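Engineer: With the sequence up front, the predicted model follows.
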Amino acid sequence: MALGEKLWEGKGKSSGPGFIKTINMEGVKSVYTWSAQVKGIGHAKGVDGNIFVTASGTMPPKGVASEKDQGTFMTMNGDMCVLKGFGLMKMTMSSKPSAVSLWHFMTASEELAWLNDLIAVVTLEATDPMWMDFNITIHEWK
């Protein structure tokens, strides 16, 4: 896998702890939402906007947590696309939590049409242990 150009970076906030769907031997399954403001870089220069995501995840007692993401990306110019993806996070208390996701986009916007053929590698780095605030970086995947 080769990381391509960095497209966006920004800061995000969790909308709270979410709600628990089920608890079983796999861990705690929950649904939560978050949003981020991102600034375009490189090919996405000038494509600044807000990302809104609802995620459904499973957090095991130890190991690797997983989540499915779906959301919207709204640009400051009024263009919009939807996104879907899958993410993983190491469950560790020894360092700041971080996660990585793969996303794909769908849009009818002519300005954002290039996103229809893009797979993005999204990294999230929490600035606090409860994921209330985090940094987000989005690269293209070549």
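Structural biologist: Sure thing, it's come through.
Engineer: what residues are up against the residue nearest to residue 114 when sequence neighbours are not counted?
Structural biologist: In space, residue 114 comes closest to residue 43 once its chain neighbours are excluded; the distance is 7.5 Å by C-beta to C-beta, 6 or more residues apart in numbering. To be clear about C-beta, it is placed using only N, CA and C from the backbone, and glycine gets the same treatment. Residue 43 makes contact with 5, 7, 114, 140 under the criterion C-beta atoms under 8 Å, 6 or more residues apart in numbering.
Engineer: Run through the bridge partners of residue 133.
Structural biologist: As for beta bridges, residue 133 partners with residue 13 under DSSP bridges.
Engineer: contacting residues around it?
Structural biologist: If you count contacts by C-beta under 8 Å, 6+ apart, residue 133 has them with 11, 12, 13, 14, 126, 127.
Engineer: Selecting buried members of those in ChimeraX, what would you type?
Structural biologist: Selecting in ChimeraX just the buried members of the contacts of residue 133, where the criterion is 16 or more other C-beta atoms under 10 Å, is done with this command:
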select :12,14,126
